[in-house]
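K.L.:
give me the fold of what follows.
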Amino acid sequence: MSEPARNADHAELAKFDAIAAGFWDPQGEFRPLHLLNPVRAQFIAARVPPGCRLLDVGCGGGLLAEALSRAGARVTGIDLAPGMIEVARLHAAQEGLAIDYRVAAAEELAREQPQAFDAVTCLELLEHVPDPAATVASLAALLRPGGALIVSTLNRNLRSFLTAIVGGEYLLRLIPRGTHEYERFIRPAELARWGRAAGLRLVATAGIELNPFTQRVTLSTDVAVNYLAHFTR
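P.N.:
Numbering: from 1, shown residues only. From the prediction side, this is the model:
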């Protein structure tokens, strides 16, 4: 029997793999993630139980995984970009953090370890995969009953196009050009519908606002651009 195809865009993986070495440079191409991470980690830590078994899907170089590990979670991080996992492992070792990093896909892990995690996080990934609804279903399958799923993504509207792509990639050059494709942005109603189909209940949403001039990041009720969503199974 042939191995099922992974729900991944190889061009997207290659794009992020190529710049993995600079992941932990707070002034480099991943600078926006470094700015966003404290606020996002705080949002997540307030919604998952202390000492929980947590899976970070699309963990990249480990920025969120390390923050949640320091907050007390027992963290597993998975990503399909080998370069990112190598960077994550090296940095965690330097920091003395016991994080289980693997090159793996969410759907593969869901088949191997269904309902194995108390919490699952998936930030800035859904807008980069071919079938985000299928990814949401895999994330749900990884959760124990009562577990928490927290995702972040970008809304699809004119304001998000102007802010994330025109402003972030071309005018202010906060992130590399071509990082995002507008057609892949996800409206909150779409995300909620995929969650319901996977047996999840939407508990809360929050907007993430980054002031590019002051570099101040805040949470708000405005989900027009970048937003977080908290589901329970």
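
K.L.:
and the contacts of the strand ranked longest in the chain?
P.N.:
Criterion DSSP state E: the longest strand present in the chain is strand 143-154. Under the criterion Cβ atoms under 8 Å, 6 or more residues apart in numbering, residues 40, 43-44, 47-48, 115-127, 136, 139-140, 160, 164, 180, 185-186, 191, 195, 200, 208, 225-233 lie in contact with strand 143-154. Bear in mind the C-beta positions are built from the backbone N, C-alpha and C, glycine included.

K.L.:
of the residues you listed, buried ones?
P.N.:
40, 43-44, 47-48, 116-127, 136, 139-140, 160, 164, 180, 185-186, 191, 195, 200, 208, 225-233 (16 or more other Cβ atoms under 10 Å).

K.L.:
please, where are all the helices along the protein?
P.N.:
Using DSSP state H, the helices found in the chain span residues 10-18, 31-45, 63-70, 82-95, 106-112, 132-142, 158-160, 188-197.

K.L.:
compare those and give me the one nearest Arg216.
P.N.:
helix 31-45 (8.5 Å; Cβ to Cβ).

K.L.:
buried ones in that closest one, by neighbour count?
P.N.:
The neighbour-count check on helix 31-45 (16+ other Cβ under 10 Å) flags Pro32, Leu33, His34, Leu35, Leu36, Asn37, Val39, Arg40, Ala41, Phe43, Ile44, Ala45 as buried.

K.L.:
the first one and Arg173, how far apart?
P.N.:
The reference is to Pro32. Relative to Arg173, Pro32 is positioned 11 Å away (Cβ to Cβ, to the nearest Å).

K.L.:
check the second one too.
P.N.:
Taking Cβ to Cβ as the measure, Leu33 and Arg173 are separated by 15 Å.

K.L.:
that older thread, so for Pro212, which of the helices of the chain sits nearest?
P.N.:
helix 31-45 (8.9 Å).

K.L.:
okay, which residue is most central for the chain?
P.N.:
Leu123 (1.5 Å; Cα atoms, centre = their mean).
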